[in-house]
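>>> Quick one: sequence and predicted model below, then my questions.
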Amino acid sequence: MRVLVINAGSSSIKFRLYEMAQEALLISGAVERIGEAGASSVYRQYSASGGVQEHKQNLAVTDHAAGLQQIFAFLQSSTVDAMKSLDAIGHRVVHGGETFQAPVLIDEAVLKGLAKMIPLAPLHNPANLAGIEATRRLCPQLPQVAIFDTAFFSTLPPHAYRYALPDVLYHQHHLRRYGFHGTSHQHVAQQAANFLQPPLNRLRLITLHLGNGASAAAIQDGICIDTSMGMTPLAGLVMGTRCGDLDPSVHFYLARALGMTLDEIESLLNHDSGMKGLCGVSDMREVHQLANRGDAQACLAIDIYCYRISQYIGAYSVTLGGLDALVFTGGIGENDAMIRQAVCDKLAFLGITLDQQRNQSGTGEIFNISQDISGTNNRVKVLVVAANEELEIARQTVTAIQSPT
């Protein structure tokens, strides 16, 4: 079976095509700057021998429908004639609310339900929905499945997902913790279990998805019981441009003392805070460059970033009643040895230490599979697992098609 995975963002569409029998990646690519000047596309074809052929285009892309038309035209012209042999399409959807707690075959009723989710994720769900609608017009004969970032967290107990707000705000307006990056956390948890050998339903894990966005999850016996992001992706860890956890009264102060509007505050906390707010740059590689030159703000930003992560690890170790493995994933989690070391240095009392040589040498491309970077005689295993949300979406798409509910 061949499955096309589509991730439609506000101004981009990323995709991957898999042959699921071997879970082999055949083609990947992205259309960037949709609706803007200077739109561009890049496509990569992968051979069985490991070779990669890259194709680039610079054509106007007015909207998501035009972007998908370009993608499908390339797939049809590819050496594997992807459109002729395509069996299904899986779509990433950021927010499923309490309505969608598992992958679902897309039909008209599902489309109406997705539209109702837009107020919960106004920056993400409209683009996800636009991609789905355009793809269904272009490929009406193919089964298509929606996979939700929030679904993995549908198992959170009420004491973890409820806020201490008036009951009516939950029951009538659905204010609660939902969590995000669920597809990534689910994927790396299973990969960690495959590596460690005990089945997932016998492990206590903390998974850390560290990229420009960042989140932590506490997973007990394969079930997620807590996560750091909240009703929106703004809560929890410090991120590239997002502040993470914050005293809610800061909002009132910004409005009253500085005269900021709600839109300005929302933009500040989502786009101009986090590492960018602390030291002027959001990319962790640039933060390290500044810190290496002695920039005090960059050094402080790294300290705050690692401190917040270690706090969540400590809290979730209590939540889980102990810990079997700590799992790093995402662009920073997989590639930044210094951040992993700084986080784990604070956690030796929990039985968490690193083998410095494996931590330093095991970065970048070496982590195409799971890697153990634990120190000697660790009570807790420390793993690095390559993120692959797209493959997890493809797997869940196949399951949804073969076992529709």
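Sure thing, it's come through.

>>> does G38 really touch L59, like I thought?
No. Checked against Cβ atoms under 8 Å, the pair G38 and L59 is beyond contact range at 10.6 Å. (C-beta placed from N, C-alpha, C; glycine too.)

>>> so what does the longest helix along the chain touch, helix or strand wise?
When the chain is scanned for its longest helix (criterion: DSSP state H), the result is helix 296-320. Counting contacts by 3 or more Cβ pairs under 8 Å, 6 or more residues apart in numbering; DSSP states H and E, helix 296-320 packs against strand 204-210, strand 214-220, strand 223-227, helix 274-279, helix 284-292, helix 337-345.

>>> picking that back up, please identify which of G38 and L59 sits among more neighbours.
Using other Cβ atoms under 10 Å as the criterion, G38 and L59 rank with L59 on top: 11 against 8.

>>> on that earlier part again, in the longest helix of the chain, which residues are buried?
Residues of helix 296-320 classed as buried by neighbour count (16 or more other Cβ atoms under 10 Å): 298, 301-302, 304-306, 308-310, 312-314, 316-317, 319-320.

>>> Ok, stretch 19-38 next?
Of all the residues in stretch 19-38, those buried under the rule 16+ other Cβ under 10 Å are 19-20, 25-34.

>>> Kindly report the same for stretch 329-347.
329-344, 346-347.

>>> what's the pLDDT at the residue lying closest to H64 once chain neighbours are set aside?
Once flanking residues are discounted, H64 sits nearest to A130: 4.4 Å by Cβ to Cβ, 6 or more residues apart in numbering. On the pLDDT scale, A130 is placed at 91.

>>> what's the answer for S78, then?
The predicted local confidence for S78 is 78.

>>> Kindly report the same for S40.
For S40, the model assigns a pLDDT of 90.

>>> and it, bridged to which residues?
Listed beta-bridge partners, S40: E32 (assigned using DSSP bridges).

>>> Hmm, it is touching G67, no?
No. When contacts are counted by Cβ under 8 Å, S40 is not listed as touching G67 (10.9 Å).

>>> I'd like to know how many residues surround F152.
26.

>>> residues in contact with it?
With contact taken as Cβ atoms under 8 Å, 6 or more residues apart in numbering, F152 is in contact with 179, 182-183, 185-186, 217, 224.

>>> Just give the closest residue to it, not the sequence neighbours.
Per Cβ to Cβ, 6+ apart, closest to F152 is G182, 3.2 Å.

>>> Tell me the pLDDT of the one you found.
At G182, the pLDDT value in this model is 96.

>>> Does anything pack onto the lowest-mean-pLDDT helix or strand in the chain? Which helices or strands?
The least trusted helix or strand in the chain, going by mean pLDDT, DSSP states H and E, turns out to be helix 82-85, with a mean of 77. Judged by 3+ Cβ pairs under 8 Å, 6+ apart, the packing partners of helix 82-85 are strand 2-8, helix 64-77.

>>> Would you mind measuring from S267 to L123?
S267 sits 11 Å away from L123, taking Cβ to Cβ, to the nearest Å as the criterion.

>>> Isn't A39 up against D63?
No. Assessed by Cβ under 8 Å, A39 is found out of contact with D63, at 10.7 Å.

>>> Among these two, which residue is more densely surrounded?
With neighbours defined as other Cβ under 10 Å, A39 and D63 compare such that A39 has more, 21 against 12.

>>> who's in contact with the more buried one?
31-33, 58-61.

>>> if we go to 7 Å?
By Cβ atoms under 7 Å, 6 or more residues apart in numbering, the residues touching A39 are 32-33, 59-61.

>>> do S215 as well
Counted by Cβ under 7 Å, 6+ apart, S215 has contacts 180-181, 209, 227-229, 236-237.

>>> Having no further points to raise, I will conclude here.
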